[in-house]
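> Give me a 3D structure for the following:
(one chain, ligands or ions: 1)
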Amino acid sequence: MKSFEKLRDRLAIPLIAAPMFLVSNPKMAMAACREGILGTFPAHCTRTRDVFEDWLKEMEEGFKEDGASSYAPYGVNLVVHPTNQRCEGDLELCIKYKVPVILTSKGAPGDIFKQIHDYGGYILHDVASKRHAEKALEGGADGLIAVCGGAGGHTGTINPFSLVNEIRQLTDKPIVLAGGMTTGRDILAAQVMGADLVYMGTRFIATHEANVTDEYRQMLCDTNANDVFFTAALDGAPANWLKPSLLAAGIDLDELVRTPATEVMSADKVKGRYKNIYSAGHGVGNIHKVDSVAHVCQRLKSEYGEAISTLNGLQRLAS
Ligand SMILES: Cc1cc2nc3c(=O)[nH]c(=O)nc-3n(C[C@H](O)[C@H](O)[C@H](O)COP(=O)(O)O)c2cc1C
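Just a heads-up that it's a prediction; the model follows:
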């Protein structure tokens, strides 16, 4: 995957189903790829390197299906921060299986980027500020994922317009916009404001394929942006959580507001804790039913098409 144009040509709409710790899996990723949407999962979702290899084999098998030449490519999220002791082994497997797109987060080491480029992998690195973006570009990332305020999981805090405009001053490379988007119209809006692709996470959690409990799915259908609680006190990184899940876990929200951020913790350390504490972005208020990944993708594609046709109607306003 040498160029953005090659990547974009293989997508039905400019969308990535974002990687989500303890939620994504090969079934979800494959279902998105079949619909022409880039499916992903984090390497650190798997308990061991061997399980990660099984997931990569499952993807490889999926891409042998009839009609697979029309599928979108897939991506793997690698945490390239020193707290991730599995990084080297997981990277070896990405090289072995030639994972087409690598979504790197936390740190932007040029030596790791070089190894990914050497086998032809395409690197999108996630950033939450202009400084992060500068470092990722110095490291040689092919594109940047702008994680803005209102995103699910570990979130940024900057307004999407502001962050995209700041990053655009640094580079013409592709920008993937993340945070709070749930519709095809949102995808077009992101393009209008200068992004090239969209990253949606929360939209894909209330699906049959997601590796989550029915309680989590239902909570997504029952909550809205007011139910999202922002804190860095749970694992050291600023993140958005569903209040009802924090309350059900016996967490006092008033105390949490006053609790300072902890040291950044690795995925291994927090796995147990996150079994019944659920994350979602501000877009949660637009999720009303549990569906299959295929149906969610089909809906997003048709909404995107409709949004383009209404945009044509707006053109006369510019004349
Ligand atoms: C439950 C959950 C887990 C997440 N885990 C990861 C992760 O392991 N790695 C990562 O790069 N991003 C992770 N994210 C962030 C998503 O990749 C993406 O940036 C975010 O979901 C986009 O915002 P949205 O949820 O509002 O669409 C997670 C998000 C959620 C909701």
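> lowest-confidence helix or strand of this structure?
Using mean pLDDT, DSSP states H and E, the weakest-scoring helix or strand in the chain turns out to be helix 267-270, at a mean of 62.
> Who are the packing partners of the next helix or strand after it?
Next along the chain after helix 267-270, taking DSSP states H and E as the criterion, comes helix 293-314. Contacts defined by 3 or more C-beta pairs under 8 Å, 6 or more residues apart in numbering; DSSP states H and E place helix 293-314 against strand 15-17, helix 26-34, helix 184-192. Placement of C-beta: from N, CA and C, glycine included.
> Dump the ones you listed to a markdown table, plus mean pLDDT and distance to V284.
Shown next, in a markdown table, are the helices and strands packed on helix 293-314 (pLDDT from 0 to 100; distance: least, C-beta to C-beta, whole Å):
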| stretch | mean pLDDT | distance to V284 |
| --- | --- | --- |
| strand 15-17 | 98 | 16 |
| helix 26-34 | 98 | 18 |
| helix 184-192 | 97 | 14 |
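> So which bits of the stretch 201-319 of the chain are right by the ligand?
Taking C-beta under 6 Å from any ligand atom, the part of the stretch 201-319 of the chain that reaches the ligand is made up of 201-203, 279-281, 283.
> one more time with 8 Å, if that's ok
Applying C-beta under 8 Å from any ligand atom, we find that the stretch 201-319 of the chain lies next to the ligand at 201-203, 205, 240, 267, 278-284.
> Let me know the closest of these to G110.
A267 (23.4 Å; C-beta to C-beta).
> sorry, back to before: among the helices and strands packed on helix 293-314, which is the most enclosed?
Scoring those by mean neighbour count under mean count of other C-beta atoms under 10 Å gives strand 15-17 as the most buried, with a mean of 28.
> Any residue of it touching the ligand?
No: figure legend: strand 15-17 not in contact with the ligand (C-beta under 8 Å from any ligand atom); closest approach 8.6 Å.
> That strand: how far from the chain's middle?
7 Å (C-alpha atoms, centre = their mean, to the nearest Å).
> Name the surrounding residues that touch it.
Outside strand 15-17, the residues that touch it by C-beta atoms under 8 Å, 6 or more residues apart in numbering are 24, 28-29, 32, 37-40, 75, 103, 176, 187, 197-201, 204, 293, 297, 300.
> redo that, cut-off 6 Å
By C-beta atoms under 6 Å, 6 or more residues apart in numbering, the surrounding residues in contact with strand 15-17 are 32, 37-39, 187, 197-199, 204.
> just these now: which is nearest the ligand?
Closest approach to the ligand among these (C-beta to the nearest ligand atom): Y199, at 5.2 Å.
> Could you measure from the closest residue to that closest one other than its chain neighbours over to L188?
Distance criterion C-beta to C-beta, 6 or more residues apart in numbering; nearest residue to Y199, sequence neighbours excluded, is A178 at 3.8 Å. From A178 over to L188 the distance is 16 Å, taken as C-beta to C-beta, to the nearest Å.
> One more: P19?
Distance, P19 to L188, using C-beta to C-beta: 23 Å.
> what's the answer for G194, then?
Remark: distance between G194 and L188 (C-beta to C-beta) = 13 Å.
> Next to the ligand in this structure, residues from the stretch 1-150 of the chain, please.
Checking the stretch 1-150 of the chain against the ligand by C-beta under 8 Å from any ligand atom, the hits are 18-24, 40, 42, 44-45, 77, 79, 103, 105, 126, 145, 147, 150.
> Could you turn the buried ones of those into a ChimeraX selection?
Selecting only the buried entries of these in ChimeraX, with 16 or more other C-beta atoms under 10 Å as the criterion:
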select :18,19,20,21,22,23,24,40,42,44,45,77,79,103,105,126,145,147,150
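> Counting only strands, which of the residues of the stretch 1-150 of the chain next to the ligand make the cut?
Residues of these located in strands (DSSP state E): 40, 42, 77, 79, 103, 105, 126, 145, 147.
> List the residues that contact A29.
Neighbouring residues of A29 by C-beta under 6 Å, 6+ apart: 39-41, 74.
> err, V284, not the other one
202, 220, 223.
> so the first one touches G283, yeah?
Yes: the pair T202 / G283 is scored as a contact, 5.2 Å apart, by C-beta atoms under 6 Å.
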